[in-house]
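Chemist: Fold the following, please.
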Amino acid sequence: MSSDGQMEIHNDGGQKRKLGGLRTMPFIFCNEICERFASTGFHANMITYLTQQLNMPLAKASNILTNFTGLASLTPLIGALAADSFAGRFWTISAGSAIYELGLISITISAALPVLHPPPCKNQVNCQEASPWQLAVLYVSLFLTSLGVGGIKPCVVVFGADQLNMSLSKRKTAKWSYFNLYFFALGVATLLALTVVVYVQDHVGWGWGLGIPCIGMGLAIMAFVIGSPLYYKMKPAGSPFTRLSQVVVAAIRKRNAIRPIDSDLLYHNRELDAAIAKDGRLLHTNQIKFLDRAAIITEDEKPDSDSSNLWKLCTVHRVEELKSIIRIIPICSTTILLVSAYSHQQSFSIQQARSMNRHISNNNSFQIPPATMSIFNTLALLIGLVAYERILVPLARRYTKNPSGITCLQRMGIGFVLNILSTLVAAVIEIKRKSVASKHGLLDKPQTMIPISVFWLVPQFSLHGLAEKPASIAIRTQNTNTRRLERTTTLQQMAPPKVLMVAEKPSIALSIASALSGGRMSTRRGSTDVHEFDGTFLGYHAQYRVTSVIGHVFRFSTKVSELGGYRSV
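Modeler: The predicted structure is shown next:
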């Protein structure tokens, strides 16, 4: 293995060939940047496409986006299983990207052809909604993109890590900087999408507005495939869920067995674990002792036999894999409510911006596209990453002696606190917005601009940007630390830990968000137009009440994790 992480592989002719390493990073990063540019350009302004182009009520449009985003959080489970079981990460990413591209192509065609969407409705009053078959085209497009995400999201980060098979000391020093660089590059791509693509969608047309992301995704696929000869492609080692199920079944079968005091008497088999424990086997721990029964050797079992039944007897390494996953669940679960609040940023906040004064100055005719307000989210993220890496980390190291400045749990806690503050600010600004609308008699005129500057929304977007990634990066880093400290292969093979992580739009969180948005809004007055104001007002108050609980949930989950042997580094 070379210093830049390259690995020597013997081909069929017996010749050595170097694969992976830093030379693969330009292809992977180019793929990720183009993919993020395409996905952001597609999703950022979709609420506008549904309400302005397909003439949907806000409540219905918000629920459609929430439901399909929830679906997109479940499909990575399918992709992870396919990658680990038979397909491998490279082919899973390739297939997912192709499916995602088909979804973009179909919705681009529907936006470009008049027959596939309702006629324009300038005043958004008594508009003709999309017909069932026009909605069918939309649903197929969103389904394909959600399915494609399942192949891309769970594999791409881990596939990049596969190329850098560096030593433990190098991974330790480079890990946090790698994640910062990764998110910084994605932030730049997001910035371009929120400005260029959104402007084209609002001022040029949706045909080009959705066509540009489609082209971007095509470039992402090309960049990824071109680098194929250089990639190190790990062979699938089998589904980790099969191994986890075997441990549970074996432990239940031996629930009445007496656990030996000496852990060395439990079942250990280096050869059996060689394929799944490439970084070393896990050591026995004293937590969740019930699962140890899966590794108890009974009199009628022959552990050294090649035909040993793993549904009856599992190695200590496999038992510890399941324990490691159980330990991390409480920490991951705390992000459910965080995402429940954040999901409204892509729907209600954009509609808020649409109703406000979007001129940069009184003498300027240019209006900021509503979805472009998300740029402050991304700018805050980029500035926050640079400030943390260059200012806060060196300062914190002097006091904490921690190479990363502060621990992962502390970073997550900061993210949750900022999220609570951002939701509080959003609720206060919404109160002010409704007050101004009421003062000018505009509550029943949602299409009329409210005389309040759109820049009042900057604090909530910026705080959301600062809050979003600390928790996400911390969970990714903590999962990496868990693999490093405990050498658990399952978390690495569940490509990625997002099968457990709910940091990025989980279905449970989005179901909560859907209930808060659609359910509450539909019970207000008889007019759909009024819902756009009163529903948003209710939505933000509900967000604030829900996310204020996060601090208590996070503290409780931290205590549970500490009791379970979870370590923060």
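
Chemist: The stretch 351-500 of the chain: strands as residue ranges?
Modeler: 356-357, 450-453 (DSSP state E, counting those that start in this stretch).

Chemist: mind exporting the last one as CSV, just the C-alpha atoms?
Modeler: Spelled out, it's strand 450-453. Provided in CSV are the C-alpha atoms of strand 450-453 (Å, rounded to 0.1, in the frame of the first residue of the first chain):
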residue,chain,number,x,y,z
ILE,A,450,-46.6,42.0,1.8
PRO,A,451,-44.6,45.2,2.5
ILE,A,452,-41.9,43.5,4.6
SER,A,453,-38.4,42.7,3.3
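
Chemist: Give the other helices and strands that that strand contacts.
Modeler: strand 356-357, helix 408-439 (3 or more C-beta pairs under 8 Å, 6 or more residues apart in numbering; DSSP states H and E). Using the backbone N, CA and C atoms, a C-beta is placed for each residue, glycine as well.

Chemist: ok so, going back, give me whichever of the strands of the stretch 351-500 of the chain is most buried.
Modeler: When the strands of the stretch 351-500 of the chain are scored by mean count of other C-beta atoms under 10 Å, the highest mean neighbour count falls to strand 356-357 (a mean of 20).

Chemist: that older thread, so which of the helices and strands packed on strand 450-453 gets nearest residue 149?
Modeler: helix 408-439 (22.8 Å; C-beta to C-beta).

Chemist: Residue 215 is nearest to which of the helices and strands packed on strand 450-453?
Modeler: strand 356-357 (31.9 Å).

Chemist: next one: the closest one to chain centre, how far?
Modeler: 31 Å (C-alpha atoms, centre = their mean, to the nearest Å).

Chemist: now swap in stretch 356-375 and tell me
Modeler: 29 Å.

Chemist: Stretch 133-148 now?
Modeler: Distance, centroid of stretch 133-148 to centroid of chain: 20 Å (C-alpha atoms, centre = their mean).

Chemist: Give the buried residues for it.
Modeler: Using 16 or more other C-beta atoms under 10 Å as the test for burial, stretch 133-148 gives 134, 137, 138, 141, 142, 143, 144, 145, 146, 147, 148.

Chemist: Tabulate the CA atom coordinates of the helix or strand that contains residue 27 in CSV.
Modeler: Residue 27 belongs to helix 25-43 when assigned by DSSP states H and E. The C-alpha trace of helix 25-43 is given here as CSV (Å, rounded to 0.1, in the frame of the first residue of the first chain):
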residue,chain,number,x,y,z
MET,A,25,-10.5,11.6,-5.9
PRO,A,26,-11.0,14.1,-8.9
PHE,A,27,-13.4,11.7,-10.5
ILE,A,28,-15.3,11.0,-7.3
PHE,A,29,-15.4,14.7,-6.3
CYS,A,30,-16.4,15.7,-9.8
ASN,A,31,-19.2,13.2,-9.7
GLU,A,32,-20.4,14.4,-6.3
ILE,A,33,-20.3,18.1,-7.2
CYS,A,34,-22.3,17.5,-10.4
GLU,A,35,-24.7,15.2,-8.6
ARG,A,36,-25.3,17.8,-5.8
PHE,A,37,-25.7,20.6,-8.4
ALA,A,38,-28.3,18.5,-10.2
SER,A,39,-30.2,17.3,-7.1
THR,A,40,-30.2,20.8,-5.5
GLY,A,41,-31.3,22.4,-8.7
PHE,A,42,-34.1,19.8,-9.0
HIS,A,43,-35.4,19.8,-5.4
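
Chemist: So what touches that helix?
Modeler: By C-beta atoms under 8 Å, 6 or more residues apart in numbering, the surrounding residues in contact with helix 25-43 are 97, 100, 104, 107, 145, 149, 152, 156, 159-160, 163-164, 182, 185-186, 188-190, 192-194, 197-198, 209-210, 212-214, 216-217, 219-221, 223-224, 226-227, 230, 346.

Chemist: rerun at 7 Å
Modeler: With C-beta atoms under 7 Å, 6 or more residues apart in numbering as the test, helix 25-43 has contacts from 104, 152, 156, 160, 185-186, 189-190, 192-194, 197, 210, 212-213, 216-217, 219-220, 223-224, 226-227, 346.

Chemist: Point out the ones among those that are inside helices.
Modeler: The members of the contacts of helix 25-43 that map onto helices under DSSP state H are 104, 152, 156, 160, 185-186, 189-190, 192, 210, 212-213, 216-217, 219-220, 223-224, 226.

Chemist: Good, wrapping up.
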